[in-house]
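Engineer: Everything below, folded, please.
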Amino acid sequence: MIYRITSAAVAMLVASAAPTHAVSGGNATSCDVRGAYSVVDVPAGSIALTNLGQPEEISQVLVPTDLKSGAYDVLVTREGQDLYRVDGTSTYLRTQFCYEYAYAQKAVLRYRSLGAAGSGTLVFD
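Structural biologist: Purely as a prediction, here's the structure:
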């Protein structure tokens with residue numbers, strides 16, 4: 001069954017134990033997904049500490065979320081290294097070693113939920 005992610009189906013990426021990588025074959029690229037995240041707005045003036053202990057002002061935080069297991073037709077846009085936004089939602093997908101430079105690109109997300117953690121595959125058209 002193929003699902004369509006809507007803004008009501010917000011998801012966050014969570015790291016899983018499964019290794020991830022990108023595989024190209026034919027015209028499609030497949031990337032392993034480590035989890036799903038939702039965007040949470042934080043109050044103005046909020047700060048976070050970087051990995052180096054430096055304060056950084058922030059306006060949003062990505063938090064892990066539970067995404068129902070299944071296959072989803074999605075449009076995705078690359079927002080940064082190994083981070084893809086599901087267009088039209090507040091859902092982000094975290095990958096590892098995924099080099100697809102996508103902008104509103106069609107893809108199929110096959111996701112297996114493990115509670116707040118999950119993993120899957122993102123296959124770009």
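
Engineer: Count residues in the vicinity of D125, would you?
Structural biologist: Neighbours of D125 under the rule other C-beta atoms under 10 Å: 11. (Glycine included, C-beta is placed from N, CA and C.)

Engineer: how far away is it from V39?
Structural biologist: Separation of D125 from V39 (C-beta to C-beta, to the nearest Å): 25 Å.

Engineer: Then S59?
Structural biologist: Using C-beta to C-beta, S59 is found at 10 Å from V39.

Engineer: What of Y101?
Structural biologist: Separation of Y101 from V39 (C-beta to C-beta): 22 Å.

Engineer: now do L62
Structural biologist: According to C-beta to C-beta, L62 stands 6 Å off from V39.

Engineer: list residues touching both of those two?
Structural biologist: Common neighbours of L62 and V39, using C-beta atoms under 8 Å, 6 or more residues apart in numbering, are Y92.

Engineer: Centre-most residue in this structure?
Structural biologist: L93 (0.5 Å; C-alpha atoms, centre = their mean).

Engineer: For that one, name its beta-bridge partners.
Structural biologist: A36, Y84 (DSSP bridges).

Engineer: Ok, L75 next?
Structural biologist: Assigned bridge partners for L75, using DSSP bridges, are K106.

Engineer: What are the neighbouring residues in contact with it?
Structural biologist: By C-beta under 8 Å, 6+ apart, the residues touching L75 are V86, D87, G88, A104, Q105, K106, A107.

Engineer: again, only using 10 Å
Structural biologist: I5, R85, V86, D87, G88, T89, A102, Y103, A104, Q105, K106, A107 (C-beta atoms under 10 Å, 6 or more residues apart in numbering).
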